[in-house]
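Trainee: give me a 3D structure for the following:
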Amino acid sequence: MVSMPSAASDVPVTDSSTIRIVPLPPEAGSPHEDLRKRLFADSVTQASCASITTGPKGNLMKVESDLDRFIANLLDSLQKRDVTNLLRFFHPRLGVRPIVIEAQLHGIERIYGKPIDWSIRDLWALNSVDGSTKGLACGPGLNVYPLYGYPLQFGLWLQAMGPKELGRIYMGIVPANGRWNIGSFHVQQWTHSGREASSWAEEAARDVVAKEPMAAWAKFDLARKLASGGGFVELAATSEALALRDQQMTEDQWKNEITTAIAASAKDREIAHVSTMLADGGVGILIRFRTNRDLALSEIKSSCAAIGKDLAARSWSNRLAGLRCSWILPKEGADKDGVLGGIYYSFASLRSS
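Mentor: Numbers count the residues shown, from 1 in each chain. The predicted model follows:
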């Protein structure tokens, strides 16, 4: 079996970058009811959100000593990359192990670069009143979704700045067992090639003007991915990018264009998955093929190169980065790479070979 290193990744992969707690047991009641009433004195009976940060750098206002200390220690542990200490912040019912935290930090460092500079982007107090998960407006074009079962909780949006990219990590902070706990954890890549979602959407708009809807669709899809907060933080930019993407064509039409282009070179291959991906310098195409046998390295290379050349012959490929081919075995899911791995080719290299 072969696993080829790739210069690209199909991200964000929500399933592997999200940790979510199970609901609060009804018998646990409503901890910190006094704090909820103090923070929402004028709207304690109305579901609402209150910002606890001030200024462009996310300076924190004092809330209450335990929470203030919790956030300060959490940020310090992240900055020091203290996995052992970070484990103590998670709700025990999550069952988070050191290997999970290590994997999350490693993924952040791999994509954003090292060292990571951690800072607070936003902290919101969330008053769901009855423990509902209904979204709360926390700013213009920004909704935050509470965890079920906690009338008062906090949404902490951290910023992770590396030499290569910028990320944001959302944590739901909930009261339980007499202390504050991380109840949810979601990693959101904020920039790709140093550019935010709005920049990729602007480039997609230029592709629309150039009458290249395939490239425009892919870049609007990238903008949608970057703006997506994993169901915790919802930005208007996400739905805007999705609407602009679908104005070009449907997702099925986009995929059909790709499968049609590779019909000859992939005629003996079962296509299990087609999507956009974040690739070096831009947006790439990811195709996963299903196979019932091990593949030799030479077959992996020659097969993907032939398929990639068919795509590279299309005019829209000049506006995209490249292709990643990967192979999965019969019992492996199509939503992520399998044990056989895959390989990535830039369209530029395919056109020059």
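Trainee: so for the helix or strand where D76 lies, what's the average pLDDT?
Mentor: According to DSSP states H and E, D76 maps onto helix 65-80. The average pLDDT within helix 65-80 is 94.
Trainee: repeat that for stretch 113-121.
Mentor: 95.
Trainee: looking at G29 now. What's its pLDDT?
Mentor: For G29, the model assigns a pLDDT of 48.
Trainee: rewinding a little: pull out the buried residues from the helix holding D76.
Mentor: Residues of helix 65-80 classed as buried: 67, 70-71, 74-75, 77-78 (neighbour count, 16 or more other Cβ atoms under 10 Å). For the C-beta atoms, the positions are set from N, CA and C on the backbone; glycine is no exception.
Trainee: now stretch 164-172
Mentor: For stretch 164-172, by 16+ other Cβ under 10 Å, it's 165-172.
Trainee: tell me the two of the residues you listed that are most distant?
Mentor: Across the buried residues of stretch 164-172, no pair lies farther apart than E165 and G172, at 23.7 Å, counting by Cβ to Cβ.
Trainee: hmm, who's touching the very next helix or strand once past the helix holding D76?
Mentor: Next helix or strand after helix 65-80 toward the C-terminus (DSSP H and E): helix 83-87. The contact list for helix 83-87 (Cβ atoms under 8 Å, 6 or more residues apart in numbering) reads 73-74, 77-78, 96-98, 101-102, 105.
Trainee: again, 7 Å this time
Mentor: Contact partners of helix 83-87, identified using Cβ atoms under 7 Å, 6 or more residues apart in numbering, comprise 77-78, 96, 98, 101-102.
Trainee: how about low-confidence regions in the chain?
Mentor: Judged by pLDDT under 70, the chain has its weakly predicted residues at 1-31, 54-61.
Trainee: all helices for it, in order.
Mentor: Secondary structure of the chain (DSSP state H): helices located at 14-17, 33-39, 65-80, 83-87, 98-112, 197-209, 213-227, 236-248, 251-261, 297-312, 347-352.
Trainee: isn't T133 up against G149?
Mentor: No. Here T133 lies out of contact with G149, judged by Cβ atoms under 7 Å, at a distance of 8.9 Å.
Trainee: which of the two has more neighbours?
Mentor: G149 (22 against 14; other Cβ atoms under 10 Å).
Trainee: D130 is in contact with the more buried one, correct?
Mentor: No. Contact criterion Cβ under 7 Å: G149 and D130 do not qualify, at 9.4 Å.
Trainee: hang on, the earlier thing: elements contacting the helix holding D76?
Mentor: On a contact count with 3 or more Cβ pairs under 7 Å, 6 or more residues apart in numbering; DSSP states H and E, helix 65-80 meets helix 83-87, strand 117-127, strand 179-189.
Trainee: same list, those, but as TSV with distance to V274 and mean neighbour count please.
Mentor: TSV is the format used below for the helices and strands packed on helix 65-80 (distance: least, Cβ to Cβ, whole Å; neighbours: other Cβ atoms under 10 Å):
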stretch	distance to V274	mean neighbour count
helix 83-87	37	15
strand 117-127	34	20
strand 179-189	21	22
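Trainee: can you put those in TSV and add distance to L242?
Mentor: TSV is the format used below for the helices and strands packed on helix 65-80 (distance: least, Cβ to Cβ, whole Å):
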stretch	distance to L242
helix 83-87	34
strand 117-127	23
strand 179-189	16
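Trainee: closest to C49 out of the ones you listed?
Mentor: strand 117-127 (5.2 Å).
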